[in-house]
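> structure for the following, please:
(2 chains)
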Amino acid sequence: MDTSSPAAFVNGGLLRMHVGRKVRTVIQVTRSDAGSVMGKSTDGCQLVVRGSPPAPLTSYVEVIGVAENESSIRAELWTNFGDSFDASNYDQLCQLANGELKHLFL
Amino acid sequence: MFSSSQFEDSSPLAGGGFMSSQLGGSTPSSARIRDMQGLVPATVKQISEASQSGDEKSSFIIDGVDVANVTVVGMVFNKNSRSSDVRFHLDDGTGRIECIRWVTERLDTGDLDALEDGTYVRVNGHLQTFQSKRQLNAFSVRLVTNFDEVTCHYLECIHFHLQNSKVQSKADEAPDLSFSTPVRGASNGHHLASTNDFSMQYNDDGLKSFDKLVLNYLQQPSNIDREMGIHVDELSQQLKSPLEKIKDAIEFLEREGLVYSSIDDYHYKAVEGL
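Residues are numbered from 1 along each chain as shown, chains lettered A, B, ... in the order given. The predicted structure is shown next:
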């Protein structure tokens, strides 16, 4: 069993709390180029995710990677989350997972 | 495909991980409960921190509750298929745990053949220890196709945790944490712990949780102030439940002397001063 590299649930606002560490988040893709994807976080912030996204990309994609700064992530893993996804639920999960329930996750 | 199907009454796993709360205590003595535990939603982190119960060390304790079977959602890695079993690591973002699916017939592993690294699955299995490592003896591995299931699973883990770590009387405060059950069109910010499968399982003061929801709504000060009372249609709309269900709850509450009809048979108010 290995709990040594957990990824923190983040949205746009929470990203800055985990700079330099492994994070996971879901974004709604707004633009994708070779090497990076721009998207809207579940709390409405613009984020840049760098790496090689899968093709094709669905509207929502989960990325797991390292937070480079408060608005950018270097992704290691990409998962297409489909074209319909409940972003507000995910956003609330991020808040709960970073609050007093953090110990269940990290 | 939605995870709440695991808690349907028709399923052999009915009652899910919430059975323990039906016994009305916060931490019932473990030996008794062991036979009644269903499938507990957990993160790998919680599993790694669980203590082992009893001398037999055949089950674990999470949040004071005896847990034998868990449900976990995460990504598959390092899948290894052999003639006797299929093994893989499940990474749910909080840690990794080894899962083993024993093969009895070729047909059994049809669900696993297509799994690639990084695929999201839900694994239901029995927690066990082998050579001092915790493992999951998987009896079911299912692909996740609707990713709201991922969000929902973590919310269920949180819910289970909160339900078992707070004193029973405080269990009612859990709904204040403003999380809503995903998918069922509940994305308009409706903040009550939904009337779905999970809330139906726990008892409080002899009232089923749905009845309590109806009562709580009527007991809100703003609703108490409404002289004409609340129409059952409004209840149905606000609580996102079918009218029949609302009527059943009202009938029960009325019999208990907790609500009364006001201007007509469709308007009700909560009895005050109780």
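> and chain A, which residues reach chain B?
Counting by Cβ under 8 Å from any Cβ of the partner chain, the positions of chain A adjacent to chain B are A:1-4, A:6-7, A:9, A:24, A:26, A:60, A:62, A:64, A:77, A:79, A:81-82, A:85-86, A:88-90, A:92-93, A:96-97, A:101, A:103-106. Glycine gets a C-beta too; all of them are placed from N, C-alpha and C.
> now do the helices in the stretch 101-250 of chain B.
With helices called from DSSP state H, counting those that start in this stretch, the stretch 101-250 of chain B shows them at B:110-113, B:148-165, B:197-200, B:209-219, B:221-224, B:232-238, B:243-255.
> wait, which of those is closest to B:Arg96?
For B:Arg96, the closest of those is helix B:148-165, at 16.2 Å, according to Cβ to Cβ.
> where does chain A dip in pLDDT?
A:1-4 (pLDDT under 70).
> ramachandran angles for the residue in the stretch 51-200 of chain B that chain A sits nearest to?
Distances between the stretch 51-200 of chain B and chain A by Cβ to the nearest Cβ are smallest at B:Gly95, namely 3.4 Å. Backbone torsions for B:Gly95, taken as degrees, to the nearest 10, come to phi 160, psi -180.
> wait, doesn't it sit right on B:Ser48?
Yes - taking Cβ atoms under 8 Å as the definition, B:Gly95 is a contact partner of B:Ser48 at 5.7 Å.
> neighbour-wise, which of the two wins?
More crowded of B:Gly95 and B:Ser48, by other Cβ atoms under 10 Å in any protein chain shown: B:Gly95, with 25 against 16.
> out of the helices of the stretch 101-250 of chain B, deepest packed?
Each of the helices of the stretch 101-250 of chain B was assessed for mean neighbour count using mean count of other Cβ atoms under 10 Å in any protein chain shown. The highest is helix B:148-165, with a mean of 23.
> quick one: mean pLDDT over that helix.
Mean pLDDT, helix B:148-165: 93.
> of the helices of the stretch 101-250 of chain B, which approaches B:Val40 most closely?
Here helix B:148-165 is closest among the helices of the stretch 101-250 of chain B (Cβ to Cβ), at 6.2 Å.
> report all helices and strands that that closest one contacts.
helix A:87-98, strand B:39-41, strand B:69-81, strand B:120-130 (3 or more Cβ pairs under 8 Å, 6 or more residues apart in numbering or on different chains; DSSP states H and E).
> B:Asp148 is nearest to which of these?
The nearest among the helices and strands packed on helix B:148-165, by Cβ to Cβ, is helix A:87-98 at 6.8 Å.
> wait, B:Ser165 touches B:Asp63, no?
Yes - with contact defined as Cβ under 8 Å, B:Ser165 reaches B:Asp63; the gap is 5.1 Å.
> right, is stretch B:44-52 up against chain A?
Yes - Stretch B:44-52 reaches chain A (Cβ under 8 Å from any Cβ) through B:44-48.
> who wins on neighbours among those?
B:Val44 (26 neighbours).
> so what pLDDT did that residue get?
pLDDT, B:Val44: 94.
> do I have it right that it meets B:Glu98?
No - when contacts are counted by Cβ under 8 Å, B:Val44 is not listed as touching B:Glu98 (10.4 Å).
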